[in-house]
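S.K.: Coordinates for the following, if possible.
(chains A and B)
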Amino acid sequence: MQRQRSLFVLILVLVIAAITAIATISIPLGLDLRGGSQLTIQVKTTPEVKQISERDLEAVKRVVEGRINGLGVSEAVIQTVGADKILVQLPGVNDPEQAERVLGGTAQLEFRQQKPNTEPQLFALRTIQIQLKAKQEELRKAKDAAAIAKNQAEIHKNNQEFEGLFESIKPPLTGKYLKDAYGEPTQGNDWNVALSFDEKGGELFAQITKNLAGTGRSIGVFLDNELISSPTVEAKFAETGITGGQAIITGRFTPQEAKDLSVQLRGGALPVPVEIGEIRTVGATLGKDSIQRSIYAGIGGLTLVLIFMVVYYRLPGIIADIALIIYALLTYATFALLGVTLTLPGIAGFILSIGMAVDANVLIFERTREELRSGKTLYRSVEAGFYRAWSSILDSHVTTLISCAALFWLGTGLVKGFALTLALGLGVNLFTAITCSRTLLLLTLGFPALRKPELFCPNLPTINSKAEAAR
Amino acid sequence: MKISVIKQRSLWWTLSGVLILSGIISMIISWQTLGAPLRPSLDFVGGTRLQLERDCTQAQNCAQPIQLATVRQVVDAQGLGTSSIQIVGQNQQAVSIRSKALNGELRTKLQAALSEKLGAFDPRKTQIDTVGPTLGRELFSKGLWALIVSFIGIVIYLSVRFQSDYAVIAIIALFHDLLITTGIFSILGLVQGVEVDSLFVVAILTITGFSVTDTVVIYDRIREILNLHPNDPINKVVDDAVNQTLTRSLNTTFTVLLTLFSLFIFGGETLRYFALALIIGFTMGAYSSIFIASPMLALWRQHKGESKQVETT
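M.R.: Below you'll find the model as predicted:
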């Protein structure tokens, strides 16, 4: 009894914790529920780049980020998926046409030279650029969508003005000549960005640096027509330019800045095209409808199961119902705590798991009834019901978990959501259907008024037929 | 209530045979007309599905239902004659178009052309799904792999937990459930144009997990009775086991069906056929455990027992 009491306290604590978690943590909704566009970008291999390495994918992702930021969408999420995919989520975007337009195609990196007598303009524009970028960062944090879009227009204008100050050399020194770029520490606390060109690139780089060395004019490094760096060349290279295809951009970079610039450069140097493999767009109103319908479906399903259990199993049915409600609370709280993003298939998995959650109780109670019919005492029947149903319950959970694991391992986004919610549900279910309902049932048996076999099983055979039933 | 699954087994097996056979015939017809046993959604073959709904807050915009012929005209004019078009939604105010994969530019052009003829659409009620053919193939092969992996996992688990003949028959029963479910969806695909998508694969995998469960419950009981009464004839043992576990099998399936029917009725377009696949699969799962897997085990054991007796004499 002592053990039952402490378990009961544990259950109470868990339920209160679950309610607190549900009340305080809001579960993030997938784009299919809140409305928005989701694009899956596939990075294609080419004869030159036969395999996409993790480093390559990271570089392409940085290019994608640059392009998406250029759209001025608030709360955009960009992440790599698997070995060759990048997932772009754009909440609130009803028409992904713009995003599609900017995302397709290979990154364009080019080193251009500054036109003569434009130094003051460049300085002024750079000051504006820094201000605009800082402002954009603040606006992103504040999630002010309208202001972000407006500021983005300013940034775009600023970019175009930059472009006017630079010109391509002939032939243009593009990203395809850049072999690698990486950040490296100096003797001090600063970091540099090292560049390395192939042979042809080295020649072109020597030419552009020879033109600019000592003039005070800059090299303009443009990625997708946006100026990402504008270093000057020291006067000592005026004779020959920087030869040998190796160069270093010094600029008192922090490690983070050096990494960011080098990843951008690498992304621009990769000759891999990207292709939009999948677009899923759901209007916000449709998403809201889906949430509404899921709530109806969930409540409808739960209510039907609750009613069935009480009508069919009586007192234990009530206990199973309490356990089921605890189950729903705990599972939902688990979602909240683990930060599961709720999608439509995820909700379906959750609703389905409500129906499966009482299966364990059905197995247990049926067994209890059998034991009662065979003439055992109430207490022993209940114990035997839990004890002997255990192996069936375990089998059913394991087989379903195997399927969930296969789904989770091989599935894509949407499917994963379903597998995850169903599997989490099954785990919680082992606790609620067995520990919870057993504790509650045994505690109930502590009340003499409830210790009546007919509350557990209708039409129990009388003593006379006991021998027959026990046969 | 006491049923004898052994006595009436030819009846049940004929019934299942007819169901499976019609499914297979439908898959063959489907293969010849559609190039696939089931009607694949754009998830697997690539394409664009565009669903647009008129903005009814604008005066007069929704006065008339959308006419299929009008939409067809616009779509044909865009050179997308092979697309399928459906008028959907309340009061026929929405249109759903499935075409080959369209890029943003072509799609925007189509949307603009439609809007010109049909009136303004509500962007908040727009749904766009585009899957490129490469990704479609990948989704499909991943789905198949997930199925194969979970099959193997379940076979291994069952062989460890039970004797191998139990495991084999449980898997046969599982195939029975899956064949009937896919068969019915193949028929639905031919008759109603129902498509199978990623969620259908999910449903099949969920059925896989669940269907074996029902069988395992009965097998658990058969094993238990055999331990208590090793000399009882197998036919009686199986009949007893089925009857003793009958309410369980029915009730566990019934509670799940309650939630599934709720999903089917309230769950909306996306989840409707997902719920239907599960309803069919779970019902078949319960049915096959009782009427297929159990008598089959009895038959197999009987056969094996007889051959043993022959060997010893």
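S.K.: wait, A:Gly201 sits on A:Gly245?
M.R.: Yes. Between A:Gly201 and A:Gly245 there is a contact at 6.2 Å, judged by C-beta atoms under 8 Å. Any C-beta I mention is one placed from the backbone N, CA and C, and that applies to glycine too.
S.K.: Show me the helices in the chain, by range?
M.R.: The chain I'm using is chain A. In chain A, the helices defined using DSSP state H lie at A:2-24, A:31-34, A:54-69, A:97-103, A:119-142, A:145-165, A:199-212, A:255-269, A:284-338, A:344-373, A:378-410, A:413-429, A:437-444, A:466-470.
S.K.: wait, I meant chain B there
M.R.: B:9-34, B:42-45, B:68-77, B:104-118, B:133-161, B:164-192, B:198-228, B:234-244, B:246-266, B:268-288, B:294-312.
S.K.: Output the below-cut-off pLDDT ranges for the chain.
M.R.: Reading this off chain A. A:1, A:412-414, A:460-471 (pLDDT under 70).
S.K.: look at chain B instead
M.R.: Judged by pLDDT under 70, the stretches of chain B that qualify are B:1, B:306-313.
S.K.: any idea how it splits into domains?
M.R.: Recorded structural domains for chain B (assignment: automatic domain parsing) are B:9-40+B:134-312, B:47-131.
S.K.: okay, the helices of chain A, which one's buried deepest?
M.R.: helix A:344-373 (a mean of 26; mean count of other C-beta atoms under 10 Å in any protein chain shown).
S.K.: Check whether that one comes near chain B.
M.R.: Yes. Applying C-beta under 8 Å from any C-beta of the partner chain, one finds helix A:344-373 in contact with chain B at A:344-345, A:348, A:351-352, A:354-356, A:358-359, A:362-363, A:366, A:370.
S.K.: nearest to chain B, of the residues you listed?
M.R.: Using C-beta to the nearest C-beta, A:Gly355 comes nearest to chain B of the residues of helix A:344-373 next to chain B, at 3.4 Å.
S.K.: Would you agree that closest one is in contact with B:Thr253?
M.R.: No. Counting by C-beta under 8 Å, A:Gly355 stays clear of B:Thr253, with 9.4 Å between them.
S.K.: Now do the shared contacts for A:Gly201 and A:Gly245.
M.R.: A:Lys179 (C-beta atoms under 8 Å, 6 or more residues apart in numbering or on different chains).
S.K.: coming back round to it: mind giving me JSON lines with the residues of helix A:344-373 next to chain B and columns for distance to B:Gly193?
M.R.: Below are the residues of helix A:344-373 next to chain B laid out as JSON lines (distance: C-beta to C-beta, whole Å):
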{"residue": "A:Leu344", "distance to B:Gly193": "22"}
{"residue": "A:Pro345", "distance to B:Gly193": "22"}
{"residue": "A:Ala348", "distance to B:Gly193": "22"}
{"residue": "A:Ile351", "distance to B:Gly193": "26"}
{"residue": "A:Leu352", "distance to B:Gly193": "26"}
{"residue": "A:Ile354", "distance to B:Gly193": "31"}
{"residue": "A:Gly355", "distance to B:Gly193": "29"}
{"residue": "A:Met356", "distance to B:Gly193": "31"}
{"residue": "A:Val358", "distance to B:Gly193": "36"}
{"residue": "A:Asp359", "distance to B:Gly193": "35"}
{"residue": "A:Val362", "distance to B:Gly193": "38"}
{"residue": "A:Leu363", "distance to B:Gly193": "40"}
{"residue": "A:Glu366", "distance to B:Gly193": "42"}
{"residue": "A:Glu370", "distance to B:Gly193": "48"}
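S.K.: so what's A:Tyr332 up against?
M.R.: A:Ala18, A:Ile22, A:Ile27, A:Phe350.
S.K.: could I get the helices of chain A as TSV with distance to B:Leu188?
M.R.: Formatted as TSV, those follow (distance: least, C-beta to C-beta, whole Å):
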stretch	distance to B:Leu188
helix A:2-24	39
helix A:31-34	24
helix A:54-69	40
helix A:97-103	33
helix A:119-142	47
helix A:145-165	43
helix A:199-212	60
helix A:255-269	47
helix A:284-338	21
helix A:344-373	19
helix A:378-410	23
helix A:413-429	21
helix A:437-444	39
helix A:466-470	46
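S.K.: what's the closest non-adjacent residue to A:Gln121?
M.R.: In space, and not counting its chain neighbours, A:Gln121 is closest to A:Leu165: 5.9 Å by C-beta to C-beta, 6 or more residues apart in numbering or on different chains.
S.K.: hang on, isn't that neighbour packed against A:Phe123?
M.R.: No. At 10.6 Å, A:Leu165 does not count as touching A:Phe123 under the criterion of C-beta under 8 Å.
S.K.: Which residues are in contact with each of the two?
M.R.: With C-beta under 8 Å, 6+ apart, A:Leu165 and A:Phe123 have no common neighbours.
S.K.: Mind listing residues that contact stretch B:258-267?
M.R.: Residues from elsewhere that reach stretch B:258-267 (C-beta under 8 Å, 6+ apart): A:293-294, A:296-298, A:300-302, A:304-305, A:308, A:348, A:351-352, A:354-355, B:271-272, B:274-276, B:278-279, B:282.
S.K.: If you count neighbours, what's buried in that stretch?
M.R.: B:Leu258, B:Thr259, B:Leu260, B:Phe261, B:Ser262, B:Leu263, B:Phe264, B:Phe266, B:Gly267 (16 or more other C-beta atoms under 10 Å in any protein chain shown).
S.K.: near chain A at all, stretch B:189-207?
M.R.: Yes. For stretch B:189-207 and chain A, the contact criterion (C-beta under 8 Å from any C-beta) is met by B:Ser198, B:Leu199, B:Val201, B:Val202, B:Leu205, B:Thr206.
S.K.: out of those residues, which are buried?
M.R.: B:Ser198, B:Leu199, B:Val201, B:Val202, B:Leu205, B:Thr206.
S.K.: contacting residues for the third one?
M.R.: Looking back up the chat, that one is B:Val201. A:Val415, B:Gly143, B:Ala146, B:Leu147.
S.K.: Could you dump the residues you listed into CSV and include distance to A:Asn159?
M.R.: Shown next, in CSV, are those (distance: C-beta to C-beta, whole Å):
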residue, distance to A:Asn159
A:Val415, 40
B:Gly143, 44
B:Ala146, 45
B:Leu147, 50
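S.K.: B:Ser10: which of the residues you listed is nearest?
M.R.: Distance to B:Ser10, by C-beta to C-beta, is smallest for B:Leu147 among the contacts of B:Val201, at 31.2 Å.
S.K.: Stretch B:83-102: end-to-end distance?
M.R.: Length of stretch B:83-102, first residue to last, C-alpha to C-alpha, to the nearest Å: 11 Å.
S.K.: does chain A sit close to that stretch?
M.R.: No. Using C-beta under 8 Å from any C-beta, stretch B:83-102 stays clear of chain A, coming no nearer than 9.4 Å.
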